[in-house]
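Peer 1: Dropping a prediction and its sequence here:
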Amino acid sequence: TIMATDILFPEWKVWSQFLQQTTGGLIMDALEHSHPIQVKVHHARSVLEIFDAISYKKGSAVIRMLQAYLGDDIFQVAGDVTKIDILKVTHKLRNGRPRTEAN
């Protein structure tokens, strides 16, 4: 919805608002008690404990970084993949070559 809002109302500068909202998650992620974005859930009752501000804010920041890195067109295609493997997606969609440090 942020992408659509940005296209329809660029004067709202929603990406600046997004950055302000996600920064808190990245700050919490730097703390000692942080956890990965992807966590196995063994029991449904643990979902509320696992999915906290770090999960949502850091997760959305990482997704935005992937979109910026891959570009909108490739990101849209990658969004349809159930398990995103960035190297495979970039290999298939960026001139048939995997990205390296040099390119």
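Peer 2: Good, I have the coordinates.
Peer 1: wait, what's in contact with Thr5?
Peer 2: Counting by CB atoms under 8 Å, 6 or more residues apart in numbering, Thr5 touches 12, 14. Bear in mind the C-beta positions are built from the backbone N, C-alpha and C, glycine included.
Peer 1: Work out for me the element it sits within.
Peer 2: Assigned by DSSP states H and E, Thr5 belongs to helix 2-8.
Peer 1: which parts of the next helix or strand after that helix are buried?
Peer 2: Next helix or strand after helix 2-8 toward the C-terminus (DSSP H and E): helix 14-29. Using 16 or more other CB atoms under 10 Å as the test for burial, helix 14-29 gives 14, 18, 22, 25, 28-29.
Peer 1: for the protein, which spans come out with low pLDDT?
Peer 2: 78-103 (pLDDT under 70).
Peer 1: residue ranges for the helices of the chain, please.
Peer 2: In the chain, the helices defined using DSSP state H lie at 2-8, 14-29, 47-50, 53, 59-70, 72-78, 86-93.
Peer 1: For the protein, which residue occupies the most central location?
Peer 2: The chain has Ile63 as the residue nearest its centroid, 1.1 Å off, counting by CA atoms, centre = their mean.
Peer 1: Look up how far Gln20 lies from that residue.
Peer 2: Remark: distance between Ile63 and Gln20 (CB to CB, to the nearest Å) = 17 Å.
Peer 1: next one: Arg45
Peer 2: 33 Å.
Peer 1: Pull out the buried positions in the helix holding Thr5.
Peer 2: Buried residues in helix 2-8, counting neighbours by 16+ other CB under 10 Å, are absent.
Peer 1: Over to stretch 56-69?
Peer 2: 57-58, 60-61, 64, 66-67.
Peer 1: Quick check: Val39 touching Ile50?
Peer 2: Yes - using CB atoms under 8 Å, Val39 is in contact with Ile50, at 5.1 Å.
Peer 1: Distance of Ala4 relative to Pro10?
Peer 2: Relative to Pro10, Ala4 is positioned 12 Å away (CB to CB).
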